[in-house]
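K.L.:
Got a predicted structure plus its sequence, pasted below:
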Amino acid sequence: MSLLEVKDLSFAYKNGVQIIERINFTLNKGDCLAIKGPNGSGKTTLAKLLTRILRPTGGHILLEGKDISELTLADIGKKIGYVMQNPERQVFSHTVEEDIAFSLRHRGFKSEEVEKKIDKMLDFFELNRYRKTSPFILSRGEQQRLAIASVLVLEPKILLLDEPTTGLDPLRKKRLELMLRELYYNGTTLIVISHDHKFLSKLFNKELCIENGLMREDML
Amino acid sequence: MTHFELDPRTKLVFVLVISSLAVIYRSLYWLIGLFACSTVLFFVFGVRFSNLLNRLKSFIPIIILIIFVQSIFRQEGNAVLAVGRFNLLTDVGVKEGASAALRLMILILSAGILVSTNPQHLIRGLVDWRVPYELIFMVQMGIRFLPLLREEVNDTFAAIQLRGVELVNVPLVKKMKIYSHVFLPSIANALIRTNQLTLAMELKGFGVGEKRSFYHEVSLKSVDKILTFVSIFLGLTAVILYYKWN
Ligand SMILES: Nc1ncnc2c1ncn2[C@@H]1O[C@H](COP(=O)(O)OP(=O)(O)O)[C@@H](O)[C@H]1O
Ligand SMILES: [Mg+2]
């Protein structure tokens, strides 16, 4: 059984413009998929379809064999960690540490356990000195690392990142790459939307190009 | 479809008259009449039918909610639906609910008349009427950012649920607590954007001159003057008639 299977996926917004037309691809554990395509080609739309934020107008998405239309967002979030193109929309707590702890606290983890996980994430994503800071005053790159940290505490099998390199300087980009590489080698399946050709290029084994709603899947 | 090129201010007066009447009228039949009138006007001003449907469609959940809330707690009148001795739905309640829904639809429709208006012309006209330009500009900006704000709130909602938090089948209190999280980023992002917008506007020289100059001139044609007068007159008549007959 594939981890993620997309069958004949189509989507149009309410205004009727067909954004995605009959896309097919499969993702297995250990894959690293790059999604490429010019601005406005529907990459973010595809990401929102994969996480059921948008409902397809045709076709199916199977997550571990289950049609995601039968799952709740909460179910999907446990399997797919989604880092949005605008990470400032997905941080919503008063402090950085609370934001990381959010899903753990809501799922009834014990305090010590939560603390331990927070410490680990803050260390890994170099956010320790912002622990008590409001997430809204962080820079874009910091907000993005926070967003990644907060979805990773649920230990999702897939990490889906929408244009993670925009607004990062070369050093930050390098560091993000190292972090993602480490996650990948620890067993996380990656989907990365990016038009930065160098970013993570050695890791990708699959590539999906969207252009005018149509798709080309390549095995690299 | 006919296309009058009316002065935007004339349309604004129409909208104001209709929406005032919608708020004043309490009787279901009067509201139905007013609804019919505003539908006609909506078409006269060349707004397309599909636009009308789209407009109403997105408000359907709210309308249903209003009907429900307005009708459910009315005890007077004859029961339509009752549980034991408790009247769940009475004919008075249903009427009340329908009136509230109609009122809302009239407001939406009448605002739709303005859709066919060139906003630049409306601004120009309002400035001539000595409405402060800053005020108009802010309202206009607010309206322009509304779709963006909606998308932002939707994303935040989704993000909260994707963090493994169910929003379906949870107790109301817990739900409210989770919802409260949405406000924080929305307000924070709105403030940040306001800041950026202010800076951008100032860099472009907003508020440097005493008075804003305009490229287009608009002036009330005689047909506008007559129509404005007629609509105010008809509006007042409609109010007087309503109070006389009720
Ligand atoms: N809410 C929406 N309603 C209608 N059209 C939209 C909406 N969001 C995005 N689009 C359109 O869908 C297309 C694809 O957008 P998007 O998925 O964001 O592209 P990408 O992420 O590849 O840049 C664009 O043409 C965009 O204008
Ligand atoms: Mg995008």
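P.N.:
Yep, it's here. Numbering: from 1, shown residues only, chains lettered A, B, ... in the order given. Ligands and ions are numbered 1, 2, ... in the order given.
K.L.:
correct me, but A:His60 touches A:Asp8?
P.N.:
Yes: under the criterion of C-beta atoms under 8 Å, A:His60 makes contact with A:Asp8 at 7.3 Å. For the C-beta atoms, the positions are set from N, CA and C on the backbone; glycine is no exception.
K.L.:
hmm, stretch B:128-145 in reach of chain A?
P.N.:
No: Stretch B:128-145 does not reach chain A (C-beta under 8 Å from any C-beta of the partner chain); its nearest approach is 14.4 Å.
K.L.:
now that stretch: mean pLDDT?
P.N.:
Stretch B:128-145 comes out with an average pLDDT of 75.
K.L.:
right, and the helix or strand after whichever strand or helix holds A:Glu21?
P.N.:
Assessed by DSSP states H and E, A:Glu21 sits inside strand A:18-27. Per DSSP H and E, strand A:18-27 leads on to strand A:32-36 as the next helix or strand towards the C-terminus.
K.L.:
Okay, buried residues for the longest helix seen in chain A please.
P.N.:
If you go by DSSP state H, chain A has its longest helix at helix A:170-185. By neighbour count on 16 or more other C-beta atoms under 10 Å in any protein chain shown, the buried set for helix A:170-185 is A:172-173, A:175-177, A:179-180, A:183-184.
K.L.:
With stretch B:7-19 instead?
P.N.:
B:7-15, B:17-19.
K.L.:
again, but for stretch B:103-120
P.N.:
B:103-110, B:112-117.
K.L.:
State the pLDDT value of the most centrally placed residue in chain B.
P.N.:
The residue lying closest to the centre of chain B (C-alpha atoms, centre = their mean) is B:Ile108, at 4.8 Å. What the model reports as pLDDT for B:Ile108 is 81.
K.L.:
Over to A:Glu217?
P.N.:
What the model reports for A:Glu217 is a pLDDT of 62.
K.L.:
And for the one 3 residues further on?
P.N.:
In the predicted model, A:Leu220 carries a pLDDT score of 57.
K.L.:
Determine the longest helix present in chain B.
P.N.:
If you go by DSSP H, chain B has its longest helix at helix B:172-203.
K.L.:
Report whether it contacts chain A.
P.N.:
Yes: using C-beta under 8 Å from any C-beta, helix B:172-203 comes into contact with chain A via B:181-182, B:184-185, B:188-189, B:192.
K.L.:
What helices and strands are in contact with the next helix or strand after that helix?
P.N.:
Toward the C-terminus, helix B:172-203 is succeeded by helix B:222-245 as the next helix or strand (DSSP H and E). Packed against helix B:222-245, as judged by 3 or more C-beta pairs under 8 Å, 6 or more residues apart in numbering or on different chains; DSSP states H and E, are the following elements: helix B:8-24.
K.L.:
export the helix it packs on as CSV, just CAs?
P.N.:
Extracted C-alpha coordinates of helix B:8-24, given in CSV (Å, rounded to 0.1, in the frame of the first residue of the first chain):
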residue,chain,number,x,y,z
PRO,B,8,-23.0,56.8,-8.2
ARG,B,9,-24.5,59.1,-5.6
THR,B,10,-27.9,58.6,-6.9
LYS,B,11,-27.4,54.8,-6.6
LEU,B,12,-26.1,55.4,-3.1
VAL,B,13,-29.3,57.2,-2.2
PHE,B,14,-31.3,54.3,-3.6
VAL,B,15,-29.4,51.9,-1.4
LEU,B,16,-29.8,54.1,1.7
VAL,B,17,-33.5,54.5,1.1
ILE,B,18,-34.1,50.8,0.5
SER,B,19,-32.0,49.7,3.5
SER,B,20,-33.6,52.2,5.8
LEU,B,21,-37.0,50.9,4.8
ALA,B,22,-35.8,47.3,5.3
VAL,B,23,-34.8,48.2,8.9
ILE,B,24,-38.0,50.2,9.6
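K.L.:
any idea which helix or strand carries the residue of chain A found nearest ligand 2?
P.N.:
Residue of chain A nearest ligand 2, by C-beta to the ion: A:Thr44 (3.2 Å). A:Thr44 is located in helix A:43-50, with elements delineated by DSSP H and E.
K.L.:
buried stuff in that helix?
P.N.:
Residues A:43-50 are the ones in helix A:43-50 that count as buried (16+ other C-beta under 10 Å).
K.L.:
Please list which of those are also close to chain B.
P.N.:
For chain B, the contacts drawn from those by C-beta under 8 Å from any C-beta are A:Lys48.
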